[in-house]
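Student: Sharing a model that was predicted from the sequence below.
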Amino acid sequence: MDKTFERLYDRYHTNLFQFLFYMVKNRAIAEELVQEVYINVLRSYHEYEERSNEKTWLFAIARNIAIDYLRTHNRRTSRWLSKFDFNKQHPKDEAPLPEEILLQKEEVQAIYKCLRECTLDQQQVLILRYIQELSINETAEILNWSVSKVKTTQHRAIKALKELVDDPANHQLKGVL
Amino acid sequence: MNDRTKSLLSQLPIVKDERSKATIYENIEKKRNEQMSRTTKKKTPWIIPGIAAVVVLLLAVLITPGLFNQNNNDSNIAITQSSNESRDNSSYSASDSKAETTTLAPAEEKTSDTKEEEVPTFAEEPTVFDSYIPAFQQSDGISVIISYPDPESTLLVPLSFPLDESKSTQENIEFILTNFRASDYGLERSPLTDATFELTNITGKETLIVSFPEPGDGLSSTESIMINDSVQQLAKSLGADQINWQTNGENGYTLGNFGNADPSVNKKPSPYFLYKSRTESHFLVNGPALQGEEGAEMDVALSLMKDGDQSTPYYLPSIPATVAIYSFDGNGSEASIAFTEESKFQSEEEAMQTIEALMLVASQYDYQTIRFENTGFDKIGRYSLNKPLTIPSSPNAVELN
């Protein structure tokens, strides 16, 4: 077994998998994506600069892979639907809740459901800050944003999430804005 | 209660990968080997693709003339439909309708000219919309922005005019101020009508010299703001680094109670809103400049463009309510904006207003190209959405009357 893989797995796998799972909200896809992360990492590990933080470097790769997946998925669904002119009756994502979430109390289940309704930017910040418990600086480094953008997005994300939890009918058009 | 939300978030369970380390490594190795064999396979059997390419080339040579013929016929149909549509939608008479003349011209040429090798160029012609006036394109040369106030003097509409490089700045601006009839678009005369202009280099800095014939001490606040903002817009469009304000050729100009006019060019970003004039022309206008941290990130501008500015109701949102941005990403000089799947533009014209507003705001954050996803259109006006779009130079490219 490749030593780099072994070391990275032991140190980061749980967090990486968890991050990808909450990004895509699907265990099977997270399993695929985490493998994709390792393939990319092993391919480009020689380019990794010691001076940067290994953890944030890994998470940045994972984040890009998740975003690519979500974008492609979003685009494919959209194109497929547009062929049949189903735009107006676009079905909502009704994927069943994962087992781990179903075991939680109702309030936590509601947070998970509402997280899906936040914008992609907001979701990334919420996952990194409150589920992964990363610092603002680490989050900024992973997302390649300024610290102030992380703070602003975090503030808006918490506000949006609270509004969604308080009034689940208030599901507006999902987007950055 | 935000703390409660944060606490609930942190209670979301740890989700573990149930596979073993060995299984994951095995999968990774399998995938890596597959990828490697795919790349090596690609290197050796070049003969089949080579033969295929030759066959395709031969076929292309054989059928290209036929295709050109077909294209020309299709173009004629499209042009005819387009001209019919503009005839239906337009309230102008047949003789003075710009929409008809611009769309009909190529079709008329086609009927009288049967040269097969001539490729139709109408796709590059700017599309004429019922109300919205598209932006000035970089490919169309250099533009200059002259601003015109609305009848209530609540805002300035920046209009772009082509700059004739063979003439001086003064000649260009004088020609525009003399010949452009703002009233045709429901706008008032420019606050710069009586001023003279010169663009010159003073100690390595491009300087716009603007001279007013009368002192500005007696100007009202509104008049002062209109003059200042018009000069600022003009200076920015000419690429000036500073402004030399003069009164009758003497240095210095007073803007009413605001005092001495500021020589620096305000390059702070501002959101682009939509303004509908009384003649139902739609323009993109700059909202108030974003200060400090607000201006540092483009998403603040986007947010304002989506929600409108509550304090100034005449600034309409340039991103319609039926549209939301799913993600915004910047990578070097290229930005990428994806709309949500549910987003729907009511018309091509509405989509055009929005994407141009987004491109113009992105240009203030140094983006040069922008890629849009999920607009629901393959082409909007002259923009093909399957590739990154070059950001236009300036908003509202009007023609001189």
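Tutor: Done, it's in. Numbers count the residues shown, from 1 in each chain, chains lettered A, B, ... in the order given.
Student: Let me see the domain layout of the chain.
Tutor: Since you didn't name a chain, this refers to chain A. Chain A breaks down into these domains under automatic domain parsing: A:1-91, A:93-177.
Student: wrong one, I was asking about chain B
Tutor: Taken from automatic domain parsing, chain B resolves into B:47-124, B:142-258, B:272-390.
Student: Redo those domains as JSON lines? Include mean pLDDT.
Tutor: Converted to JSON lines, the domains of chain B look like this (pLDDT from 0 to 100):
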{"stretch": "domain B:47-124", "mean pLDDT": "47"}
{"stretch": "domain B:142-258", "mean pLDDT": "93"}
{"stretch": "domain B:272-390", "mean pLDDT": "89"}
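Student: which one of the domains of chain A lies closest to chain B?
Tutor: The closest of those to chain B is domain A:93-177. By Cβ to the nearest Cβ, the value is 2.8 Å. (C-beta placed from N, C-alpha, C; glycine too.)
Student: what separates stretch B:271-280 from the chain centre, distance-wise?
Tutor: Chain-centre distance of stretch B:271-280: 15 Å, with Cα atoms, centre = their mean, to the nearest Å.
Student: Please see if that stretch touches chain A.
Tutor: No: Stretch B:271-280 stays clear of chain A (Cβ under 8 Å from any Cβ of the partner chain), getting no nearer than 11.6 Å.
Student: Tell me the residues of the stretch 151-300 of chain B that contact chain A?
Tutor: Checking the stretch 151-300 of chain B against chain A by Cβ under 8 Å from any Cβ, the hits are B:293, B:296-297, B:299-300.
Student: Spit out the contact partners of the nearest residue to residue A:59 once chain neighbours are set aside.
Tutor: Leaving aside its chain neighbours, residue A:59 sits nearest to residue A:142 (4.5 Å; criterion: Cβ to Cβ, 6 or more residues apart in numbering or on different chains). Applying Cβ atoms under 8 Å, 6 or more residues apart in numbering or on different chains to residue A:142 gives the contacts A:56, A:59-60, A:63, A:128, A:134.
Student: ok, back up a step: which among the residues of the stretch 151-300 of chain B next to chain A end up buried?
Tutor: Neighbour-count burial (16 or more other Cβ atoms under 10 Å in any protein chain shown) applied to those gives B:296-297, B:299-300.
Student: could the residues you listed be laid out in JSON lines, adding secondary structure and distance to residue B:332?
Tutor: Below are those laid out as JSON lines (DSSP: H, G, I helix; E, B strand; the rest coil; distance: Cβ to Cβ, whole Å):
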{"residue": "B:296", "secondary structure": "helix", "distance to residue B:332": "18"}
{"residue": "B:297", "secondary structure": "coil", "distance to residue B:332": "17"}
{"residue": "B:299", "secondary structure": "helix", "distance to residue B:332": "18"}
{"residue": "B:300", "secondary structure": "helix", "distance to residue B:332": "21"}
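Student: which one among those residues gets closest to residue B:388?
Tutor: Using Cβ to Cβ, residue B:299 is the member of these that lies nearest residue B:388, at 19.9 Å.
Student: Is the residue nearest the centre of chain A within a helix or a strand, and which one?
Tutor: Centroid-nearest residue in chain A: residue A:23, 2.3 Å away (criterion: Cα atoms, centre = their mean). Residue A:23 is part of helix A:3-24 when elements are defined by DSSP states H and E.
Student: Quick one: mean pLDDT over that helix.
Tutor: The average pLDDT within helix A:3-24 is 92.
Student: Can you tell me which helices and strands the helix or strand just after it packs against?
Tutor: Using DSSP H and E, the next helix or strand after helix A:3-24 towards the C-terminus is helix A:27-44. Identification of packing neighbours for helix A:27-44 by 3 or more Cβ pairs under 8 Å, 6 or more residues apart in numbering or on different chains; DSSP states H and E yields helix A:3-24, helix A:54-83, helix B:21-43.
Student: any chance of those in TSV, with distance to residue A:108 too?
Tutor: Shown next, in TSV, are the helices and strands packed on helix A:27-44 (distance: least, Cβ to Cβ, whole Å):
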stretch	distance to residue A:108
helix A:3-24	13
helix A:54-83	22
helix B:21-43	28
